[in-house]
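**Student:** quick one: sequence and predicted model below, then my questions.
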There are 2 protein chains.
Amino acid sequence: MIAYHTSPSPCGERFEVLYRLFCSAGDLNIRAMDICIEQTVEFPADLLPPGDIPEKVVGRVEEQHNAPSGAYVRISYPIEAAGNDLVQLLNTVFGNTSLKPGVRVEKLLLPDSLVSRFRGPRFGVAGLRRRLDVPFRPLLCTAIKPLGLSASDLANQAYQCALGGIDIIKDDHGITDQSFAPFKERVERCAEAVRRANEQTGYRAIYMPSMGVSYDRLLELAHYAKQAGAGGLLVMPALTGFDSMRLLAGDDALGLPVMMHPAFLGGYLGGMESGISHYALFGQITRLAGADATIYPNYGGRFSFSKEECQEIVAGARDPMGCLAPIFPTPGGGMTLDRVPEMLELLGRDAIFLIGGGLHRQGQNLVEGSCFFRNLVEQM
Amino acid sequence: MIAYHTSPSPCGERFEVLYRLFCSAGDLNIRAMDICIEQTVEFPADLLPPGDIPEKVVGRVEEQHNAPSGAYVRISYPIEAAGNDLVQLLNTVFGNTSLKPGVRVEKLLLPDSLVSRFRGPRFGVAGLRRRLDVPFRPLLCTAIKPLGLSASDLANQAYQCALGGIDIIKDDHGITDQSFAPFKERVERCAEAVRRANEQTGYRAIYMPSMGVSYDRLLELAHYAKQAGAGGLLVMPALTGFDSMRLLAGDDALGLPVMMHPAFLGGYLGGMESGISHYALFGQITRLAGADATIYPNYGGRFSFSKEECQEIVAGARDPMGCLAPIFPTPGGGMTLDRVPEMLELLGRDAIFLIGGGLHRQGQNLVEGSCFFRNLVEQM
């Protein structure tokens, strides 16, 4: 063992992660200790220099218990291990352990002192309602699509949707900066179209471009979009990094609402016996990263999330979390107008209903379809 | 259906993705068509405007077949759908479909015209060998650790490892910018320590700091590291975004080798019936993103990858891929010196052997342990 002549900084407050383990009862202790080591020092425990490192830096098992649903272990880490940023917090929570089977992040248990290092959602439920001037009812959202249309065709769709009373008109997430409808041209045309519709309706609809662009162009294009009149940003953290969302949401010069889109995020869910829970991923982490709304594929649509998993997401979006505002659960992924009553009953009014392709099924034009959607929600 | 008055740009060449599907034979057609739609237009097929969009933009099933190992489908997409960047390429390959169970990306089949839009590895196997002046034998790598040590203690370790003949001395991936050993101080001390050792040995060892930092500080800190004498960068694409790796690897003013570290990447693997194959994730995508070496947890260590999965990674790192250089497979994750002969036999000499904690078990100091490691490899 090497003799170390200096001491590490003292470690103070800790945060905790609740993991679920899928292993035999006899392996529970050893699996829990493995996480404690793997997520911090990654070093043979018997070779650690005595003192603060084994006593304070290494993860610590705070509680473990067996429930009918599985084995749970609560492990604490020093806040210092997570540094001051989201990247290293996620690394401490699940970096190397994500590569091991049979362990799932269920919940982050963060003290206010750690949560308050994050700005979190700039708007949240209350702020986005004020911004859109929709104090009570659920918000309405749609996506302009399909990929392959020109910027002017997409802008025409955006215009019709805004005219019909949709609050948030976003790009289909796969429409980014392709030759069909280049980012700058599309954003200018769509933002202008929504502004023009707002002048006619008196509403405050916003257009949100998809920010699925390269690392070095993200900030530039976000500011371009803001200048062009975009009213928010659609961010795909699994593709551009969770911290890209924090950066965009926290940029005061932008000051725009942010929606999280889950493209490429599926891997993180990893099935029942690995990955990160819907609660933590779509709720807690998405809020830490500053999104004001969290899009998820609702049960009974084109995807396979269960009703219970969707309810977990709703709880993660709303549960108290230090100083962070609650955000809008935004069920989508193949929703249709006939699902609106059910969504309203389950989610209450603090939700965004995202209906994309389903809106195009409604009558001859998108203005009518959008009107129908809005009337449906307003009358409930 | 809306009447669209403009046509999309014509679509030319296509690229393909080989997916493996886990479903009944009767569902194969419908699942394959679902991917074609979901990954492009996300729109009801019967409502698409006639013409180029259904004919050229929508994904197309090129081949499907049942093998003993499962059902495979090869789907092509227009290159235009992926735009010109890695973010949108990954989105087209697996964005929304990643959220659906029972589908796994096995292999990317990219024409040279698409691959050549990516710079890929700046050094690759041959370039990194030249840079380190190691023409024949496998390269040696270790990690300075554990988290909690001061910058001067870590620099002392780096010095000893370089003196003992290790080629690449990297930060343990979890050591980023914590108060124990702040990034700038640590990088300065470690780079200086390795330089000092090189003066004594005549070797060309390099120090690679961990770039697990926030979005807005990544480039600044990478350039700081370069100025301070770092000889490469350790990047965790699942935490900072795959495109962050492309950006750092492709930055001519940096001009530094890049190693991919798989922290937080586990979710993408998603188990046997979802996620992305080891071949595509640790091999093809990592090369597209410009890494010169791909670290993976070797079988028989602390992790659970199988020997076959590790061999897939090796193939993905080396198989011909347009103009992209082959890169170094870098087995780690609990390797010890006694595994060296086996690794050499399996991997041949074009590999990097990463031994972290295992090196500390060897004798009284790290110089001796490192010497032993080097002699072991040189004598084989």
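**Tutor:** Thanks, I have the structure now.
**Student:** list of residues touching the helix or strand encompassing A:Gly267?
**Tutor:** Assigned by DSSP states H and E, A:Gly267 belongs to helix A:266-269. Identification of contacts with helix A:266-269 by C-beta atoms under 8 Å, 6 or more residues apart in numbering or on different chains yields A:238, A:275-276, A:278, A:281, B:94, B:97-100, B:267-270, B:274-276. (Glycine included, C-beta is placed from N, CA and C.)
**Student:** low-confidence ranges in the stretch 201-350 of chain A?
**Tutor:** For the stretch 201-350 of chain A, applying pLDDT under 70 flags the ranges A:270-272.
**Student:** and it, which residues reach chain B?
**Tutor:** The stretch 201-350 of chain A has residues A:212-216, A:218-219, A:236, A:238-244, A:246-247, A:262-271, A:273-276, A:297, A:302-305, A:333 near chain B, with proximity defined as C-beta under 8 Å from any C-beta of the partner chain.
**Student:** selecting buried members of these in PyMOL, what would you type?
**Tutor:** Filtering these down to the buried ones (16 or more other C-beta atoms under 10 Å in any protein chain shown) takes a single PyMOL command:
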select buried, chain A and resi 212+213+214+215+218+219+236+238+239+240+241+242+243+244+246+247+262+263+264+265+266+267+268+269+270+271+274+275+276+297+302+303+305+333
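**Student:** restricted to helices, list the residues of the stretch 201-350 of chain A next to chain B.
**Tutor:** A:218-219, A:238-240, A:242-244, A:246-247, A:266-269 (DSSP state H).
**Student:** and the furthest pair within the residues you listed?
**Tutor:** Using C-beta to C-beta, these reach their maximum pairwise distance at A:Leu219 and A:Leu269, which is 28.7 Å.
**Student:** what about the helices in the stretch 151-300 of chain A?
**Tutor:** With DSSP state H, counting those that start in this stretch, the ranges of helices along the stretch 151-300 of chain A come out as A:151-163, A:183-201, A:218-228, A:237-240, A:242-250, A:266-269, A:278, A:286-288.
**Student:** got a list of what the residue nearest the centre of chain A touches?
**Tutor:** Note on chain A: the residue nearest the mean C-alpha position is A:Thr286, at 3.3 Å, using C-alpha atoms, centre = their mean. The neighbours of A:Thr286, taking C-beta under 8 Å, 6+ apart as the test, are A:237, A:245, A:260, A:294, A:316-317, A:327.
**Student:** what's the distance between it and chain B?
**Tutor:** Distance from A:Thr286 to chain B, counting by C-beta to the nearest C-beta, to the nearest Å: 15 Å.
**Student:** and A:Arg186, by the same measure?
**Tutor:** In terms of C-beta to the nearest C-beta, A:Arg186 sits 12 Å off from chain B.
**Student:** what's the neighbour count on the residue nearest to that residue when sequence neighbours are not counted?
**Tutor:** Excluding its sequence neighbours, the residue lying closest to A:Arg186 (C-beta to C-beta, 6 or more residues apart in numbering or on different chains) is A:Ala151, at 4.1 Å. The number of residues packed near A:Ala151 is 20, by other C-beta atoms under 10 Å in any protein chain shown.
**Student:** A:Ala151 contacts A:Ala193, doesn't it?
**Tutor:** No: the criterion here is C-beta atoms under 8 Å, and A:Ala151 misses it with A:Ala193 at 10.1 Å.
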